[in-house]
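J.: Provided below are the primary sequence and the corresponding predicted coordinates.
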Amino acid sequence: MTRLHSSLSLAAGVALVALAAGGLQSTANAASSSATAALQSADPKVSGTVVFTQEGSGVHVVADVAGAKPGLHGFHLHENGVCTAPDYKSAGGHWNPGHAPHACMPVDPRHAGDLGNITVGSEGTGHLDVVLTGVSVAGANSVIGKAVVLHGGEDDCKSQPSGNAGDRVACGVVKASTMEH
Ligand SMILES: [Cu+2]
């Protein structure tokens, strides 16, 4: 009887700890489950926004750009969250914590920041909607503090180390979204 009682207490204790940990974790996630980057550009005048939202074990990335040259543009997360005009070299190389070769989704392995290409239409606007795996908004391999870079040319998805995508025409630092209440 004593034995049964103590194992029940233990089970209740474990359940309480698990509940408390779960509560803490969901609070932390709610505070930082999304992030945004505002693209800035020197010349040509490209603008855009990129929104990152935690979705299961991946990150849902939605990008909208305007004022860009029609065609395909390489689009990546670069390792330094520093966007200094006009060439944005300050952003460093592709964000590649896994030391993988460059490729495009869904090819794996690839750089954590390999978002592929964004297609810009004749009116100068482009939209990208992808789920990036192997990264998170606030946990391991967080996108926060990295830089989103839009290139002038197409990422060929094979040239090393960065797909031969040409100049960096726009750049934006990824920042945790502030709560809207
Ligand atoms: Cu790039």
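T.: The structure has been received and is ready for your questions. Numbering: from 1, shown residues only.
J.: Could you use CA atoms for every contact and neighbour count after this?
T.: Will do.
J.: what stretches of the protein score poorly on pLDDT?
T.: 1-32, 179-181 (pLDDT under 70).
J.: Quick one: the strands in it, in order.
T.: For the chain, applying DSSP state E gives strands covering 34-39, 47-55, 58-66, 71-78, 114-120, 126-132, 147-151, 168-173, 175-176.
J.: The fourth one to strand 168-173, inter-axis angle?
T.: Spelled out, that is strand 71-78. Angle of strand 71-78 versus strand 168-173, following axes from the mean of the first three to the mean of the last three C-alpha atoms, to 10 degrees, is 40 degrees.
J.: what does the fifth one give?
T.: Between the direction of strand 114-120 and that of strand 168-173, the angle (the same axes, to 10 degrees) works out to 120 degrees.
J.: who's in contact with strand 114-120?
T.: Residues outside strand 114-120 that contact it (C-alpha atoms under 8 Å, 6 or more residues apart in numbering): 68-77, 94-95, 102-105, 126-128, 130, 132, 154-155, 157.
J.: if we go to 7 Å?
T.: Identification of contacts with strand 114-120 by C-alpha atoms under 7 Å, 6 or more residues apart in numbering yields 68-77, 103-105, 126-128, 154-155.
J.: Name the residues of it that are buried.
T.: Neighbour counts over strand 114-120 (16 or more other C-alpha atoms under 10 Å) mark 114-120 as buried.
J.: With Ala85 as the reference, name the closest of the strands of the chain.
T.: For Ala85, the closest of the strands of the chain is strand 168-173, at 8.6 Å, according to C-alpha to C-alpha.
J.: what helices or strands is that closest one leaning on?
T.: Judged by 3 or more C-alpha pairs under 7 Å, 6 or more residues apart in numbering; DSSP states H and E, strand 168-173 is in contact with strand 34-39, strand 147-151.
J.: out of those, deepest packed?
T.: strand 147-151 (a mean of 28; mean count of other C-alpha atoms under 10 Å).
J.: Pairing partners for that one, with directions?
T.: Neighbouring strands of strand 147-151 in its sheet, by DSSP bridges, are strand 71-78 (antiparallel), strand 168-173 (antiparallel).
J.: Just the angle for that strand relative to strand 34-39, thanks.
T.: Here the directions of strand 147-151 and strand 34-39 differ by 40 degrees (the same axes, to 10 degrees).
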